[in-house]
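In: Can you look at this prediction? I've put the sequence above it.
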Amino acid sequence: MRQSGLILLLSVNLLIACATTAPTSERTDEVKAPVLVEPKAEVKVETKPSNNTVVAAIECPISDVICPMNYAPVVCSAGTYEGKEQPLSTRLMVWGSNVCVGRLRLNKEACSRKLLPSKLGDVRCVPDATGGHCPGTQAVCKENVKPSVCTATSYAGQALTEDQKITGAAKNECLARAALRMAACRANLDPDALDGIECRGATGRGGL
């Protein structure tokens with residue numbers, strides 16, 4: 001009897017020992033701390049400025065330079081931009097008291113039009129034959145719309161052929177006459193020497 005009781009007591013103690021050393025993964029009363037996940041920070045992607053913007057910032061505005069004071073009027077123009085030929089009617093063109101002033105004004109005009117001076121090509125400065133009348137003051141015209149085309153049939157007393165005639169077109173006669181004078185300036189002609197000017201109504205959009 002005493003031996004049986006001892007065996008029973010040992011069995012009970014073994015069961016208690018096993019219960020207290022059970023793996024923690026099998027315990028159901030363990031409370032786990034919540035896992036905190038930090039929100040991801042917003043990533044801002046900064047776009048780099050284009051090459052043209054960077055170059056323009058470097059090239060423009062054009063710094064003033066000291067030009068000689070000699071008076072030798074010229075008209076300067078850029079025949080190409082980025083290697084592409086520019087038509088006479090729209091190419092960059094300025095007038096100056098000498099070559100230095102003319103080139104300086106040409107670069108400044110390029111910047112004012114958001115063009116890069118370094119991309120101007122076929123730059124030429126020739127003696128100004130306009131008598132100092134170009135580019136002239138801006139015409140003050142009404143805003144009425146009546147498309148017109150004005151043509152000069154003679155220059156400095158000489159009749160012009162059909163191929164030589166100079167024309168200007170705009171949304172009304174006043175502006176068309178101003179466009180005619182500017183066309184003469186771009187051809188390096190004195191606008192005050194234009195004669196035999198005829199204006200007529202334009203059909204369609206014409207030069208508008």
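Out: Nice, I can see it. Bear in mind the structure is a predicted one, so any value in this text is a computation, not a measurement. Numbers count the residues shown, from 1 in each chain.
In: all strands in the chain, in order from the N-terminus.
Out: 74-81, 84-85, 93-96, 120-127, 148-155, 158-159, 166-170, 194-201 (DSSP state E).
In: Each with direction, which strands does the second one pair with?
Out: With DSSP bridges as the criterion, the sheet partners recorded for strand 84-85 are strand 74-81 (antiparallel).
In: I'd like to know which helix or strand in this protein has the lowest mean pLDDT.
Out: helix 2-20 (a mean of 50; mean pLDDT, DSSP states H and E).
In: Geometrically speaking, which residue is the centre of this structure?
Out: Lys114 (5.1 Å; C-alpha atoms, centre = their mean).
In: Ramachandran angles for that one?
Out: Lys114 has phi and psi values of phi 60, psi 40 when expressed as degrees, to the nearest 10.
In: Report the contact partners of the residue nearest to Ala156 when sequence neighbours are not counted.
Out: Distances taken as C-beta to C-beta, 6 or more residues apart in numbering place Ala193 nearest to Ala156, at 4.4 Å, with adjacent residues excluded. Every residue, glycine included, has its C-beta placed from N, CA and C. Counting by C-beta atoms under 8 Å, 6 or more residues apart in numbering, Ala193 makes contact with 131, 155-156, 184.
In: now the residues you listed in CSV, with pLDDT and distance to Arg103?
Out: Listed next are those as CSV, based on pLDDT from 0 to 100; distance: C-beta to C-beta, whole Å:
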residue, pLDDT, distance to Arg103
Gly131, 91, 22
Tyr155, 97, 28
Ala156, 94, 29
Ala184, 96, 23
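In: Spatially, which two of the residues you listed are the most separated?
Out: Within those, Gly131 and Tyr155 form the most distant pair, 12.4 Å apart (C-beta to C-beta).
In: Looks like Leu194 contacts Tyr155 (just checking).
Out: Yes - in this structure, Leu194 is within contact of Tyr155 by C-beta atoms under 8 Å, at 6.0 Å.
In: More neighbours: which of the two?
Out: Leu194 (23 against 20; other C-beta atoms under 10 Å).
In: quick one, what contacts the more buried one?
Out: 152, 154-155, 166, 180-181, 184.
In: and it, how far is that from Thr151?
Out: 10 Å (C-beta to C-beta, to the nearest Å).
In: Need the overlap of contacts for these two.
Out: Taking C-beta under 8 Å, 6+ apart as the criterion, Leu194 and Thr151 both touch 166, 180.
In: what about the residue nearest to Ser77 when sequence neighbours are not counted, how many neighbours?
Out: Excluding the flanking residues, the one nearest Ser77 by C-beta to C-beta, 6+ apart is Met93, at 4.3 Å. A count of neighbours around Met93, defined by other C-beta under 10 Å, yields 21.
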